[in-house]
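Undergrad: Here is a sequence together with a model predicted from it:
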Amino acid sequence: MTTPTESDPEATPAADAGEGSAAPGDPAGAGVGTGDQLETLASTAVVPAAKAKRQDPVFEVGDRVLLIDRKKRRNMILLEEGGEWHSHAGVLAHGDIIGQPEGVQVKSSHGLRLHCIKPTLSDFVLKMKRGAQVIYPKDLGPLLMLADIAPGVQVLESGVGSGALSMTMLRAGAIVTGYEIRDDFARRAQRNVESYLGEEAMSRYHVEVRSSYEQIDGDYGRCVLDLPEPWQVVPHAATALHRGGIIVAYTPQITQAVRFREVLERYGFGMSQTIEVMQRGWHIDGQAVRPDHRMVAHTGFLTSARLMSDPTPPGKDAATNGSPSDTSLGEGTGDDPHPDDPGTRR
Ligand SMILES: C[S@@+](CC[C@H](N)C(=O)[O-])C[C@H]1O[C@@H](n2cnc3c(N)ncnc32)[C@H](O)[C@@H]1O
């Protein structure tokens, strides 16, 4: 096993950087120099190992580890006593990782160097076993905000699929009841939740094998949907949610979002909005700085709305058949800024 040290440049991320993969940190100060300075730094710098701290957590049996090679390929393993990871690059003994701090670099029997780090929720969602297609992390984060998920909030979620969305809301402290029509998916979601979040989260997670198109029992503050026809759930959500409660649906097709919006309006929901989240990575390597060539061009749309006491949409006057009474609130007037508009940066 090798760990990155100042006296062992061959084992440092800097040594790897020369062979095409990004160096994870930049303590050599590459961000402050220009042109020639940067080149000199890049060719001579030895990236020092992060200073050890007393509270540095170390890997233990039962921990998940993300193994990352220099081409940024990732494999997730669960550490076992006496366990081994086998790949085209030979064997890696789990014992080489157990007891080491996060970020340590180890070598397989054929010399493949691998960084070891604990997976984040986002890493886990992309690597975990799936039944149904998951919602991707780029949409999971905004979804938490749109649904205003917080500790103790009661959520009705449907369908639960592989449990990616359940895990995200549970980790934010919500109490989640899931309705899922497929028994195998319900079990897969529960296994994934337990495996990453443990028993405490399971005490806040209850999954029923049933259709949310038929009925929702109980009282909730949030209704979060990822299923083919979310508009079929709206009449039941309007009864189950408290006033002011929030409904959010993730839909791959805009036609689904449009239909959902139409039905929301008929059942007393207001403040509706539909957004699409686009994420573009940037390639930053010395002076080569540009957007990544590839990006995930589309995943889905997020539509949210709130259950109103008075279903007349703000800014519209029912007596005048929906014509805007206060254009300063301006939904759809074209001239007025949207409340979320950050304004023009100068
Ligand atoms: C795309 S998956 C959900 C994935 C989940 N959001 C995740 O992040 O892992 C859609 C799920 O909706 C379920 N479903 C479809 N119709 C349903 C219904 N009427 N009631 C409950 N679940 C339903 C499907 O069985 C499937 O598991």
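TA: That came through, no problem. Note that the structure is a prediction, hence the values are computed from the model and not measured. Numbers count the residues shown, from 1 in each chain.

Undergrad: how much space between Arg171 and Ala305?
TA: 24 Å (CB to CB, to the nearest Å). Glycine gets a C-beta too; all of them are placed from N, C-alpha and C.

Undergrad: Compare the two and say which is more crowded by neighbours.
TA: Ala305 (26 against 15; other CB atoms under 10 Å).

Undergrad: The more buried one falls within a helix, correct?
TA: No. Counting by DSSP: H, G, I helix; E, B strand; the rest coil, Ala305 is located in no helix; its state is strand.

Undergrad: Contact residues of this protein facing the ligand?
TA: Within reach of the ligand by CB under 6 Å from any ligand atom, the chain has these residues: 132-135, 158-165, 179-182, 185, 211-213, 226-228.

Undergrad: Buried subset of those residues, written for ChimeraX?
TA: With 16 or more other CB atoms under 10 Å as the criterion, this ChimeraX line picks the buried residues out of the residues of the chain next to the ligand:
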select :132,134,135,158,159,160,161,162,163,164,165,179,180,185,212,213,226,227
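
Undergrad: Show me the shaky parts of the stretch 151-300 of the chain.
TA: The model of the stretch 151-300 of the chain has no residue with pLDDT under 70.

Undergrad: Helices of the chain, residue ranges please.
TA: 13-17, 35-44, 121-127, 137-146, 164-171, 183-197, 199-202, 234-240, 254-266 (DSSP state H).

Undergrad: how about the nearest residue to Leu144, chain neighbours excluded?
TA: Ala172 (5.6 Å; CB to CB, 6 or more residues apart in numbering).

Undergrad: need the contact list for the one you found.
TA: Contact partners of Ala172, counting by CB atoms under 8 Å, 6 or more residues apart in numbering, are Leu144, Ile149, Ala150, Pro151.

Undergrad: follow-up on the earlier one: just put the helices of the chain in JSON lines and tack on distance to Asp292.
TA: Shown next, in JSON lines, are the helices of the chain (distance: least, CB to CB, whole Å):
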{"stretch": "helix 13-17", "distance to Asp292": "18"}
{"stretch": "helix 35-44", "distance to Asp292": "21"}
{"stretch": "helix 121-127", "distance to Asp292": "17"}
{"stretch": "helix 137-146", "distance to Asp292": "14"}
{"stretch": "helix 164-171", "distance to Asp292": "23"}
{"stretch": "helix 183-197", "distance to Asp292": "28"}
{"stretch": "helix 199-202", "distance to Asp292": "34"}
{"stretch": "helix 234-240", "distance to Asp292": "38"}
{"stretch": "helix 254-266", "distance to Asp292": "25"}
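
Undergrad: How many neighbouring residues does His298 have?
TA: By other CB under 10 Å, neighbour count at His298 equals 10.

Undergrad: do His88 as well
TA: Neighbour tally, His88, other CB under 10 Å: 7.

Undergrad: before we move on, what about the one 5 residues further on?
TA: Counted by other CB under 10 Å, the residues lying close to Ala93 total 15.

Undergrad: separation between it and the ligand?
TA: According to CB to the nearest ligand atom, to the nearest Å, Ala93 and the ligand sit 33 Å apart.

Undergrad: what's near enough to touch the closest residue to that residue other than its chain neighbours?
TA: Leaving aside its chain neighbours, Ala93 sits nearest to Glu84 (5.6 Å; criterion: CB to CB, 6+ apart). Counting by CB under 8 Å, 6+ apart, Glu84 makes contact with Val91, Leu92, Ala93, His94.

Undergrad: Now a ChimeraX select for only the buried ones of the residues you listed.
TA: Applying 16+ other CB under 10 Å to the contacts of Glu84 leaves a buried subset, and the ChimeraX line that selects it is:
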select :92,94
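
Undergrad: Please identify, among the contacts of Ala172, the one with the most neighbours.
TA: Most surrounded of these: other CB under 10 Å gives Ile149, at 23 neighbours.
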